[in-house]
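In: below: sequence and its predicted model.
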Amino acid sequence: MRKILLSMISAALVLSLTACSHTNSGDGTSPTNQTNQASIQIDDIAWTVDEGILDGDRYILMDYTNNTPYTIASLEITFTEKESITEDDKTKFYDDLKTSYDMSDDDIERLKEEKIGMHAESEIVTEPGESVTNAYCYYYQGSYYLKNSDHFNLVEPDIATIRYLNNGEILTAYYDFHSQKYSNEPETEVADQWPTSDLATHFPKPETKIISLSIENDNSFSVYVYGISLEQFNTYVETCKTQGFTSDPGEFEGFYSAENAEGYSVYLSYRENSHSIYASFDAPDGTSDAS
């Protein structure tokens, strides 16, 4: 039984190291002609990746300044192994991973099937002239923090994915560091996906440019609200209280939940790493608000 459990843990670890971290709700997208997309340039984003210290630990971190004329919704830069690295470099890298994450030989062999990779990403909404600091870097496309500068020295920039606002839509541009060419995602996202249902009118709408709809049905919906500081989150909580959401409350820093007198409920959770709110809104039990 213990061997089975360890195998399951190892498999989950490999998936975590390699699974894609970018998620998309699938809603609010529409096809567009690439020639109509606004042009954003990687040269107008002053970015660096270097070793830094957070909470007393060393991490590999990305900083960037938005010198473009657009609001940046998110920035991801992937890195791939340099052609100059040696087999000895790779052997040490895999040995380090095996030791650090208690991986099996089979796990390591699966990782060897693809090039060594890493990525840095930030979902913090950045206005022109603003900066992001201390965005984490990760192994492959997974969620394990990159802390070893020797490992980062094995890779070089591969592709930048820039999501940015233009006329109420989120556009996605890709920059290939190797070919030095751009390409555009043919689909755009509606930036403000706050529902238009009757249910949504029972709750205060957050004041922000980007709201991503996660789930919606007749008696509930949930959204991710981006571009929100902790202070703005607290202001939104007070707005909810002012509008009557004070019954059976739960509250601590970065979290609030409550009902109003009619039984409508809010659940709000702040996410510091992305300066965003996960918000869930529900109708009273046994009721259904049609869209």
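Out: Nice, I can see it.
In: burial of Asp88, as a residue count?
Out: Per other C-beta atoms under 10 Å, the neighbour tally for Asp88 reads 8. In short, each C-beta sits where N, CA and C put it, glycine included.
In: alpha carbons of the host helix or strand of it, in PDB - could you do that?
Out: Here Asp88 is covered by helix 87-101, with elements defined by DSSP states H and E. Coordinates of the C-alpha atoms in helix 87-101 are reproduced here as PDB (Å, rounded to 0.1, in the frame of the first residue of the first chain):
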ATOM      1  CA  GLU A  87      25.200  16.300 -20.300                       C
ATOM      2  CA  ASP A  88      27.000  16.800 -17.000                       C
ATOM      3  CA  ASP A  89      24.800  20.000 -16.500                       C
ATOM      4  CA  LYS A  90      21.700  18.000 -17.200                       C
ATOM      5  CA  THR A  91      22.700  15.100 -14.900                       C
ATOM      6  CA  LYS A  92      23.300  17.500 -12.000                       C
ATOM      7  CA  PHE A  93      20.000  19.200 -12.700                       C
ATOM      8  CA  TYR A  94      18.000  16.000 -12.700                       C
ATOM      9  CA  ASP A  95      19.900  14.700  -9.600                       C
ATOM     10  CA  ASP A  96      19.000  18.000  -7.800                       C
ATOM     11  CA  LEU A  97      15.300  17.600  -8.700                       C
ATOM     12  CA  LYS A  98      15.300  14.000  -7.600                       C
ATOM     13  CA  THR A  99      16.800  14.900  -4.200                       C
ATOM     14  CA  SER A 100      14.700  18.000  -3.600                       C
ATOM     15  CA  TYR A 101      11.400  16.500  -4.500                       C
END
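In: need the contact partners of it.
Out: Outside helix 87-101, the residues within contact range by C-beta atoms under 8 Å, 6 or more residues apart in numbering are 13, 17, 81, 103-105, 107-108, 111-112, 116, 139, 144, 148, 150-151, 154.
In: helices along the stretch 1-150 of the chain, start to end?
Out: Per DSSP state H, counting those that start in this stretch, the stretch 1-150 of the chain carries helices over the ranges 2-18, 87-101, 105-111, 149-152.
In: mind listing what's buried in the second one?
Out: Buried residues in helix 87-101, counting neighbours by 16 or more other C-beta atoms under 10 Å, are found at 89, 93-94, 97, 101.
In: can you check stretch 187-205 too?
Out: Residues of stretch 187-205 classed as buried: 188-191, 193-195, 199-200, 202-203 (neighbour count, 16+ other C-beta under 10 Å).
In: in terms of mean pLDDT, which of the helices of the stretch 1-150 of the chain ranks lowest?
Out: In terms of mean pLDDT, the lowest-scoring of the helices of the stretch 1-150 of the chain is helix 2-18 (a mean of 45).
In: which residue, other than its chain neighbours, is closest to the residue nearest the centre of the chain?
Out: Centrality entry for the chain: nearest residue to the mean C-alpha point is Glu123, 4.7 Å, by C-alpha atoms, centre = their mean. Take Glu123 and drop its neighbours on the chain: the residue closest to it by C-beta to C-beta, 6 or more residues apart in numbering is Ser274, 3.9 Å away.
In: element containing Tyr236, please.
Out: Taking DSSP H and E as the criterion, the element that holds Tyr236 is helix 230-242.
In: what's that helix packed up against?
Out: Contact partners of helix 230-242 among helices and strands, from 3 or more C-beta pairs under 8 Å, 6 or more residues apart in numbering; DSSP states H and E: strand 255-259, strand 265-271.
In: could you check the pLDDT of the residue nearest to the centre of the chain?
Out: In this prediction, Glu123 has a pLDDT value of 97.
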